[in-house]
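In: Take this sequence and fold it.
(one chain, ligands or ions: 1)
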Amino acid sequence: MADPIKTTHRPRHKKAHWIPVVAGFLRKDGKILVGQRPESHSLAGQWEFPGGKIEPGETPEQALARELSEELGIEAQIGNLKLASTQSYGEVGILILFFEVNFWKKEPKPIHHMMLEWIYPSELKDRNIPEANRKILDRIFQALGVEWQK
Ligand code: DGT
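Out: Numbers count the residues shown, from 1 in each chain. Below you'll find the model as predicted:
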């Protein structure tokens, strides 16, 4: 008889491969910071929240502080965990943890991104954003305390 609670199509001998990612919601004057992913990377040209992969040995907060320093040149104080999302890219899954970032020193610079922009959250709908974020846009709006209209 077929297993009624089977939830995965992955063959049993294949190990799951997950990559943990952190991203930050940086807010200023009702706007949020997004960066355009560089040409040389996956999802090139898409607008993302600054962040990146957690390295072994790091806490999520340490990883995000490091990524924001490397990518934006800022010294950030990482706030609360607001949201989590998963997305599969072929054989690999990513788990993204979104944190609010309310305080930082220095002005963000596009060290890593093609471009940085402060946009109103409502503008996210019309941007080319990663599917991982698109599919939870309603929850992103809720986390940002913004009215969600389709
Ligand atoms: P990659 O993906 O191998 O070209 O390497 P990186 O270093 O460009 O990727 P990285 O470190 O930005 O990893 C973040 C992964 O999470 C990447 O696969 C894109 C995905 N992602 C989905 N939404 C977001 C987001 O809002 N922010 C960031 N930073 N990454 C996101």
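
In: Spell out the residue ranges of the helices in the protein.
Out: Secondary structure of the chain, counting by DSSP state H: helices at 60-72, 131-134, 137-144.

In: which of these is buried the deepest?
Out: helix 60-72 (a mean of 19; mean count of other C-beta atoms under 10 Å). The way it works is simple: take the backbone N, C-alpha and C, and place the C-beta from them, glycine included.

In: What is that helix packed up against?
Out: strand 17-28, strand 51-53, strand 75-77, strand 92-101 (3 or more C-beta pairs under 8 Å, 6 or more residues apart in numbering; DSSP states H and E).

In: need the ones you listed in CSV with mean neighbour count and distance to Ile136, can you?
Out: Below are these laid out as CSV (neighbours: other C-beta atoms under 10 Å; distance: least, C-beta to C-beta, whole Å):
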stretch, mean neighbour count, distance to Ile136
strand 17-28, 19, 12
strand 51-53, 17, 15
strand 75-77, 16, 23
strand 92-101, 19, 9
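
In: near the ligand, which residues of the chain show up?
Out: By C-beta under 6 Å from any ligand atom, the residues of the chain that approach the ligand are 21, 23, 41-43, 48-49, 51-53, 94, 96, 130, 132-133.

In: now the helices of the chain in TSV, with mean pLDDT?
Out: What follows is those, written out as TSV (pLDDT from 0 to 100):
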stretch	mean pLDDT
helix 60-72	98
helix 131-134	95
helix 137-144	95
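
In: quick one, what contacts the residue of the chain found nearest the ligand?
Out: Nearest residue of the chain to the ligand: Gly52, at 3.1 Å (C-beta to the nearest ligand atom). Gly52 makes contacts with Val21, Val22, Ala63, Glu67, Glu70, Glu71, as judged by C-beta atoms under 8 Å, 6 or more residues apart in numbering.

In: Nothing else from me, thank you.
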